[in-house]
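Engineer: any chance you can model this:
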Amino acid sequence: MVANLLAYLVQLPASRLLGPAGYGEFAVLLSAMLVMAVPALALQSVVAREVVRGADRRGLWRLIAVVTGVVALASVGFAAAMMGIADTAAGPAFAAMAGAAPLAVIAGGQGLIQGDGRFGLLGGVLAGVGVLRSAPVIAAVVLGGGSTWALTAGTLGTAVAALGVGALAVRTPAVRSGAPAAAPSAVLWASGVQLVIIVAASLDLLLSRTVLSADDAGIYALGAVATKAAFWLPQAVGVVVYPRLADPVRSTAALRSASKVLAVIGIAVTLAAAAAGPLVPTVVSPDYRPVTGLLWLFALTGAVLAVLQLLLLAAIARDRARGGIPASLVLALEVVCILAYADSVLSLAVIAVLSALASVLVTWLWIELSDRS
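Structural biologist: Below you'll find the model as predicted:
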């Protein structure tokens, strides 16, 4: 909760002090970092699983090193790609993507701590990492730095956090069985569903600077904060219900009940966003007035994506390896629609919410058909 709160707290000074154009660049690169964080999220899951199985710690550290090296190389190419895709300058693009490799180290260390069952320490680590990643960004923006300096500060904070988490993770109990660690390919396969989820939640923002003006992209980026909030807020629902989703006897009932909970939360968040919309010019800046009447639409998109995340978790729990394919096809269609038809904040937001609804529909149908076969 501390880490997520700080991540959103960054948006307030950034949106006020960077201006719509600068904030648009800043926000789209933060969203790009979510894509680069996919291998890290998968790495933590694989490492934690292997620790429980008693894998050799030296092998796990080698796995962390390999994934970190691959991510570091990929981040260079991704930074160059973002310059063309999102029309960003080289400085902020490379400053942002440089944080991907230390994030993999953090994830690997958290996986070791999680696998050992040291949850008190893990909670402290998550909060500490959140502070180290967010506080430097806030300080850089408040001191008058532009998007390049803000993103550089965040990367430096992430690097410091990686050193700290690594030092804590090294202090592990003795190896239990010394079983061979998982191969890097395990992380690759584990990244599949994570990638679908993250891309679905970020695609519209990633392409916003391609189809909108710099100012409109900044306005859209502020609206997308409501999308992210509505998406991440009910994440604990999936965590709690996951064991029941994996139980063949209770899976269907659990999926239906969890979907109802997410629907209630989504309606509440959407209504709250509609009520909060008129406050945007006062709380943030008059420059963002065009988003006041659309904030509910952004929140609705995030609420629908939260349901999609639950459905993909259900596919994983039921050992449906191809569960992300239907949503992936919708994402491909969403790219085409954005590039062809999105020419305003409203049109891009409408395409995003319709794509989210379509993803939920096709994934739900795929799960139902899989259960009958």
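Engineer: only the buried residues of the helix or strand containing Leu5, if you could.
Structural biologist: Secondary structure from DSSP states H and E places Leu5 in helix 2-9. Within helix 2-9, the residues that qualify as buried by neighbour count (16 or more other C-beta atoms under 10 Å) are 3, 6-7. For glycine as for every other residue, the C-beta is placed from the backbone atoms N, C-alpha and C.
Engineer: for Leu312, what are its contacts?
Structural biologist: 193, 196-197, 323-324, 327, 363 (C-beta atoms under 8 Å, 6 or more residues apart in numbering).
Engineer: most neighbours of all those, which one?
Structural biologist: Ala327 (28 neighbours; other C-beta atoms under 10 Å).
Engineer: hang on, that one packs against Ala356?
Structural biologist: No: Ala327 is beyond contact range of Ala356, at 9.5 Å (criterion: C-beta atoms under 8 Å).
Engineer: okay, and the common contacts of those two?
Structural biologist: Common contacts of Ala327 and Ala356 (C-beta under 8 Å, 6+ apart): 200, 308.
Engineer: circling back to that earlier point, export the buried residues of helix 2-9 to TSV and append columns for distance to Arg289 and pLDDT.
Structural biologist: Output for the buried residues of helix 2-9, formatted as TSV (distance: C-beta to C-beta, whole Å; pLDDT from 0 to 100):
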residue	distance to Arg289	pLDDT
Ala3	31	79
Leu6	27	82
Ala7	25	78
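Engineer: closest to Val105 among those?
Structural biologist: Set against Val105, the nearest of the buried residues of helix 2-9 by C-beta to C-beta is Ala3 (16.6 Å).
Engineer: can you tell me how far the closest one is from Ala273?
Structural biologist: The spacing between Ala3 and Ala273, counted by C-beta to C-beta, to the nearest Å, is 22 Å.
Engineer: lowest-confidence helix or strand of the chain?
Structural biologist: Least confident helix or strand of the chain, by mean pLDDT, DSSP states H and E, is helix 235-245 with a mean of 68.
Engineer: quick check: buried residues in the helix or strand following that helix?
Structural biologist: Sequence-wise, the next helix or strand downstream of helix 235-245 (DSSP H and E) is helix 251-276. Neighbour counts using 16+ other C-beta under 10 Å place 251-252, 254-255, 258-259, 262, 265-266, 269-270, 272-274 of helix 251-276 among the buried residues.
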